[in-house]
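[1] sequence? don't have it. structure:
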């Protein structure tokens, strides 16, 4: 086990991440027998694995978990699946049903606000097995636990493969025909939700995961042979004092399901994470949708509904096909940046929003026109150059193995000049340029048409998920769906 060194705040200073604690007294006092370790007084360094911050193991934060821990005398932790802002996720063995499950342990401070149980139990009771239901990741079980950092909601669900958002990070891209199939399944899932008056609220590629074939027959050792044994790093205090119960004795790196044979992935998906889902007739005041998937009405009017789901669905469809994000947000997701990214694609907002700007608090205000007041320029001036949807879809990079096509005769990608060391000294070398291969023109046009139906300023003008289901793009037999001999079933070679 490698070591993580934890430094007392009085010995060193490293900038801290925000504290999850809702207990001021627990935050202010250093550990001296108290079971809370405050990030105000502590820090750490030396991590060699990709693991969560120790700062989050505080009152209201993560529950400390160790390999071999058993919950409800039933679920035994054998590996880690991931972590995020709402909690940690573990691969566990269900001794009662003799199967592997995903065990998500929510942070204590979000456990009382999570809508997963309420929404999914409501949907279970609908008794509707219509198209789309099969793509929803329902819960297998849920329960509450008490720990040193508070009370935590635990959600048990089926084991799934990688999230679609992880494709680009793993240098993988779905084949064209598979991407269209998966995107259609995503639309089916949303249409089914909306038919029951439910909005997901967080439709991104991160919340659609590839379905995994059953691994329940594998022994624990066989599982490790496929995905690797857990890699851990021990937690140590620089002072030598004991580690408080609020923090695990070691951290575990998440397993990578990319090590599995691609044949273990069925080509179907599941829509997961209903933590901020809501009933359409009871919309929340705000959502936690990532800025790149947030509809403009969220910023201008602080309103949400099925329209915001449809906007995010359009962004997700583009990501599924392209492995990219339609609206690149680089500077923290402030309203002005987010709306500017939309203006770049759609042009200026409609009149009711075009005369608004965002103040320092991110609130929309009428534009007075006086530059000395610090107000932003008009939206047309803010983004002078446009990149329309037609250009965005036409430039989706893609693999192609069919006969020569006119669209392949595009300018070659200019690669950066490299500085190379030789025996004679340094020399600059221009690498061989690579041709840009893009999706077929016919498909680009069809995809543009589909996206135009939901990527619209006015939420009332967006096509419903049910209407999208019959779009020609999903049914097209485009040239780029042909693959080279020996290419994998799901991914481009």
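    Received the coordinates, thanks. Given the structure is predicted, the values throughout are model-derived calculations rather than measurements.

[2] could you give the mean pLDDT of the host helix or strand of residue 449?
    Taking DSSP states H and E as the criterion, residue 449 maps to helix 441-452. If you average the pLDDT over helix 441-452, you get 96.

[3] show me what it is packed against.
    helix 306-322, helix 389-394, helix 472-475 (3 or more C-beta pairs under 8 Å, 6 or more residues apart in numbering; DSSP states H and E). (C-beta placed from N, C-alpha, C; glycine too.)

[4] out of those helices, which comes closest to residue 218?
    Among those, helix 306-322 comes nearest to residue 218, with 29.2 Å by C-beta to C-beta.

[5] what's the angle from that closest one to helix 441-452?
    Interaxial angle of helix 306-322 relative to helix 441-452 (axes from the mean of the first three to the mean of the last three C-alpha atoms, to 10 degrees): 160 degrees.

[6] measure stretch 286-299 end to end?
    Counting by C-alpha to C-alpha, to the nearest Å, you get 10 Å between the two ends of stretch 286-299.

[7] stretch 339-357 now?
    End-to-end distance (C-alpha to C-alpha), stretch 339-357: 10 Å.

[8] name the residues of that stretch that come out as buried.
    For stretch 339-357, a neighbour-count test (16 or more other C-beta atoms under 10 Å) marks 339-346, 348-349, 353, 356-357 as buried.

[9] would you map the helices across the stretch 51-200 of the chain?
    108-111, 116-124, 166-169, 176-195 (DSSP state H, counting those that start in this stretch).

[10] that older thread, and the helices and strands packed on helix 441-452, which is most packed in?
    helix 306-322 (a mean of 25; mean count of other C-beta atoms under 10 Å).

[11] tell me the helix or strand right after that helix.
    Following helix 306-322 toward the C-terminus (DSSP H and E): helix 335-346.

[12] residues in contact with that next one: which ones?
    291-292, 294, 296, 299-300, 326-331, 349, 357-358, 362, 364, 376, 379-380, 382-383, 385-389, 392, 455-457 (C-beta atoms under 8 Å, 6 or more residues apart in numbering).

[13] again, only using 7 Å
    The contact list for helix 335-346 (C-beta atoms under 7 Å, 6 or more residues apart in numbering) reads 291, 294, 296, 299, 327-329, 331, 358, 362, 376, 379, 382-383, 386-389, 392, 455, 457.

[14] grab the nearest non-local neighbour of residue 322.
    residue 396 (4.4 Å; C-beta to C-beta, 6 or more residues apart in numbering).

[15] measure the one you found to residue 336 for me?
    In this view, residue 396 and residue 336 are 28 Å apart by C-beta to C-beta, to the nearest Å.

[16] of these two, which one has the most company?
    Remark: of residue 396 and residue 336, residue 396 carries more neighbours, 21 against 16, as counted by other C-beta atoms under 10 Å.

[17] distance between the ends of stretch 381-391?
    So stretch 381-391: terminal residues 21 Å apart, C-alpha to C-alpha.

[18] so which bits of that stretch are buried?
    Neighbour-count burial for stretch 381-391, counted by 16+ other C-beta under 10 Å, picks out 383, 389.

[19] pull the distance from it to the chain's centre.
    For stretch 381-391, the distance from its own C-alpha centre to the chain's C-alpha centre is 26 Å (C-alpha atoms, centre = their mean, to the nearest Å).

[20] same question, stretch 62-75
    Computed by C-alpha atoms, centre = their mean, the separation of stretch 62-75 from the middle of its chain amounts to 25 Å.

[21] if we can go back for a sec, look up how far residue 328 lies from the residue nearest to residue 322.
    Counting by C-beta to C-beta, the gap from residue 396 to residue 328 is 15 Å.

[22] what's the answer for residue 205, then?
    From residue 205 across to residue 328, the span is 14 Å (C-beta to C-beta).

[23] compare the two (neighbour count), which wins?
    Neighbour count, other C-beta under 10 Å: between residue 205 and residue 328, residue 205 has more, with 22 against 10.

[24] perfect, I'm done here.
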